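Asker: Got a predicted structure plus its sequence, pasted below:
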Amino acid sequence: MRFYLQLAFTLLVTAFLIVPVVMSILAGVTENFFIGLKSGLTLRWIGEVWELYARTVYFSIGIALACLVVTLVLGVPAAYVLARAQNRWTRAFEELLVLPVAVPGLATALALILFYGQLRAFRASWTFILVGHVLFTLPFMVRSVLAVMAAIDLGTLEDAAASLGARFAQRFFHVVLPNARPGIIAGSLMVVTLSMGEFNITWMLHTPLTQTLPVGLADSYASMRLEIGSAYTVIFFFMIVPLLIALQWLAERTVR
Amino acid sequence: MTAMIRLARVAKTFPDGTRALKRLDLEIADGETLVLLGPSGCGKTTLLRIVAGLEMPDEPGRVFFGSEDMTALPIERRNVGMVFQSYALFPNMSVAENVGYGLRIRRELTPAKVDELLALVHLDGFGARRVDQLSGGQRQRVALARALAVRPRALLLDEPLTALDAKLREQLRIDIDRLLRSLAITAVYVTHDQSEAMALGDRIAVMQAGEIVQIGTPRDIYYQPRTAFVADFIGTMNRLRLNGAARESLFRPEDTRIVPQGQAQFSGTIASVFFLGDHTRLMVECGGTQLVTVETTQRRQFAVGERLHLAVEPGALLSL
């Protein structure tokens, strides 16, 4: 008896979470949502979304990858310096690193617009969105890499490599980077995922030509038929989620 | 005897003002094993790191290898082998890759050389293993092979046995001794363990508070300690005023004999008994500031409270 009660409760909670998602997906493939399923199923809305918003999908993937490159280039060396030079200043800097995460994205974006808004070409280009995303995601990369670097005795490993004749660049690429790899991979996954889903900053910074997927979603919800917005969600699910799962799988394989 | 390593007027003050090393001169002969012995914080590791090139001595200190002034050269250009307490093996590399790393940097890497080095430390066939599949003793042997691979001008060992348990420590100590003798390599060995120092050192430099307080062969240090600190740090030293003398005499437990009452220089009551198999250690209350330790190979049973009559060989008495 107790088992069935628990089962029923679990199913109820699950349904509570899943049903809206299913409804949203159904809405995206229903001829007319207000009439309901008896109006028939169609892929028309999906096609229309693809026509209207395909570029936001590519744009989002492009921004996420560019963001990954920038956070790798800036974040890994930053984490290395923080890990090696443990003093009052680096510890204070580590604390400061969470600020961009704690400050509301809208505030960050507003600051960027106030400061750089006059630079027309920059304001209108995709790099403006990129700057916002890097600001938001860089702390995650640094923290993730730093956590791994702090857990291994990097200083002694480097001393050992140096005693064997390795110069700085050789030590960095032969010893530091390979041993920080789990942190780099975890940070990369985090950065790509966050950049893909980022809405607050991007919504403030975007122009009609620099719409990311989440911003496009908001746009379609606000200005299109409900079916189109829902179809958009379907596309998000079937494009982005497999991409993220593939990344995760790839990361797990490389760490082993 | 030519000096392989020579330190001239070397001192070290850290940026925070800590005086880690007071000014000292030191020569280490070609092929010699010098042990730096002292409690933690005595400056022995700092001294080793200055020889290695991981720390710079204060001006005007100089570090010479042979006749070459190495002071300005960083560690990667000094060609020294280092062995660390924490092994410091590269976790991302296999055993063979670890051993061959120095050769890889020099573009001299061949599988045969790596096999030869693994054989040298009795790890034949372990090349493909991952570092985390090895025991502590095996890891330290890999670290030794890795350090020796580049034919270093000097081998620098920083407490290499401290992380190991007692039995492994003994084994590896014998291995290290054999390697140092057979390769006739100049070595500096840092430890806080006096038995390691005695077993491995051609000479021992006893350090205290940033200074070398005495340097000499293990025998010198053991039988002719120059200060009370050295006497206490190496082995056990008894101190007692004998026959109303004004100064305390110092003597080793093993030089203290149990004698018939007529021959006794002093007497005492047994406070504790430790039967250690090959000998018995007795702590005897003789009226001094501390208990007198006596080691005896007599097979009889001793009881707490028993009265003992003791004498020390005249030649074994020291006064500082």
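Answerer: Noted; the coordinates are in hand. Numbering: from 1, shown residues only, chains lettered A, B, ... in the order given.

Asker: Only C-alpha atoms from now on, for both contacts and neighbour counts.
Answerer: Noted.

Asker: which helix in the chain runs the most residues?
Answerer: All of this refers to chain A. Ranked by residue count under DSSP state H, the longest helix found in chain A is helix A:44-84.

Asker: if you could check chain B rather than the one you did, that'd help
Answerer: helix B:166-183.

Asker: what packs against it?
Answerer: Here helix B:166-183 touches helix B:136-149, helix B:194-200, going by 3 or more Cα pairs under 8 Å, 6 or more residues apart in numbering or on different chains; DSSP states H and E.

Asker: quick one: strands adjacent to the helix or strand following that helix?
Answerer: Per DSSP states H and E, helix B:166-183 leads on to strand B:187-191 as the next helix or strand towards the C-terminus. Paired with strand B:187-191 in the same sheet, following DSSP bridges, are strand B:33-37 (parallel), strand B:154-158 (parallel).

Asker: how far does the longest helix of chain A sit from the chain's center?
Answerer: Centre-to-centre, helix A:44-84 and its host chain are 7 Å apart (Cα atoms, centre = their mean, to the nearest Å).

Asker: For it, which helices and strands make contact with it?
Answerer: Using 3+ Cα pairs under 8 Å, 6+ apart, helix A:44-84 is in contact with helix A:88-96, helix A:126-151, helix A:177-197, helix A:213-223, helix A:226-255.

Asker: Quick check, the residue in chain A closest to chain B?
Answerer: A:Gly165 (4.1 Å; Cα to the nearest Cα).

Asker: tell me the contacts of the nearest residue to that residue once chain neighbours are set aside?
Answerer: Closest residue to A:Gly165 apart from its sequence neighbours, by Cα to Cα, 6 or more residues apart in numbering or on different chains: B:Glu76 at 4.1 Å. Applying Cα atoms under 8 Å, 6 or more residues apart in numbering or on different chains to B:Glu76 gives the contacts A:Ala162, A:Ser163, A:Leu164, A:Gly165, A:Ala166, A:Arg167.

Asker: Tell me if the residue of chain A closest to chain B really is in a strand.
Answerer: No. Per DSSP: H, G, I helix; E, B strand; the rest coil, A:Gly165 lies outside any strand segment and is coil.

Asker: so it makes contact with B:Gly102?
Answerer: Yes. A:Gly165 is within contact range of B:Gly102, at 6.4 Å (criterion: Cα atoms under 8 Å).

Asker: Can you say which of the helices and strands packed on helix B:166-183 is nearest to B:Leu109?
Answerer: helix B:136-149 (9.8 Å; Cα to Cα).

Asker: Against which helices or strands is that closest one packed?
Answerer: Packed next to helix B:136-149, using 3+ Cα pairs under 8 Å, 6+ apart, are strand B:80-83, helix B:95-99, helix B:101-105, helix B:111-120, helix B:166-183.

Asker: Of those, which stretch is the most buried?
Answerer: Highest mean neighbour count of the helices and strands packed on helix B:136-149: strand B:80-83, a mean of 28 (counted as mean count of other Cα atoms under 10 Å in any protein chain shown).

Asker: Would you pull up how far it lies from the middle of the chain?
Answerer: Distance, stretch centre to chain centre, for strand B:80-83: 16 Å (Cα atoms, centre = their mean).

Asker: Next to chain B in this structure, residues from the stretch 51-200 of chain A, please.
Answerer: Applying Cα under 8 Å from any Cα of the partner chain, we find that the stretch 51-200 of chain A lies next to chain B at A:153, A:156-157, A:159-167, A:175, A:178-179.

Asker: if we go to 7 Å?
Answerer: Within reach of chain B by Cα under 7 Å from any Cα of the partner chain, the stretch 51-200 of chain A has these residues: A:Thr156, A:Leu157, A:Ala160, A:Ala162, A:Ser163, A:Leu164, A:Gly165, A:Ala166, A:Arg167, A:Val175, A:Pro178, A:Asn179.

Asker: Could you single out the nearest of the residues you listed to A:Val192?
Answerer: A:Pro178 (20.7 Å).

Asker: contacting residues for that closest one?
Answerer: B:Asn92 (Cα atoms under 7 Å, 6 or more residues apart in numbering or on different chains).

Asker: now it: how far from A:Gln170?
Answerer: The gap separating A:Pro178 from A:Gln170 is 12 Å, by Cα to Cα, to the nearest Å.

Asker: pLDDT (mean, whole number) over the longest helix of chain A?
Answerer: For helix A:44-84, the per-residue pLDDT values average out at 91.

Asker: Now do it against helix A:88-96, angle only.
Answerer: 160 degrees (axes from the mean of the first three to the mean of the last three Cα atoms, to 10 degrees).

Asker: so how far is A:Gln118 from B:Thr296?
Answerer: In terms of Cα to Cα, B:Thr296 sits 92 Å off from A:Gln118.

Asker: now A:Val134
Answerer: Distance, A:Val134 to A:Gln118, by Cα to Cα: 21 Å.

Asker: Same question for A:Ala162.
Answerer: A:Ala162 sits 49 Å away from A:Gln118, taking Cα to Cα as the criterion.

Asker: who has more neighbours, those two?
Answerer: A:Ala162 (26 against 10; other Cα atoms under 10 Å in any protein chain shown).

Asker: what's the offset of the helix or strand containing that one from the middle of its chain?
Answerer: Per DSSP H and E: A:Ala162 is located in helix A:154-163. Mean-position distance between helix A:154-163 and its chain equals 35 Å (Cα atoms, centre = their mean).

Asker: How about stretch A:163-171?
Answerer: On Cα atoms, centre = their mean, the centre of stretch A:163-171 falls 35 Å from that of its chain.
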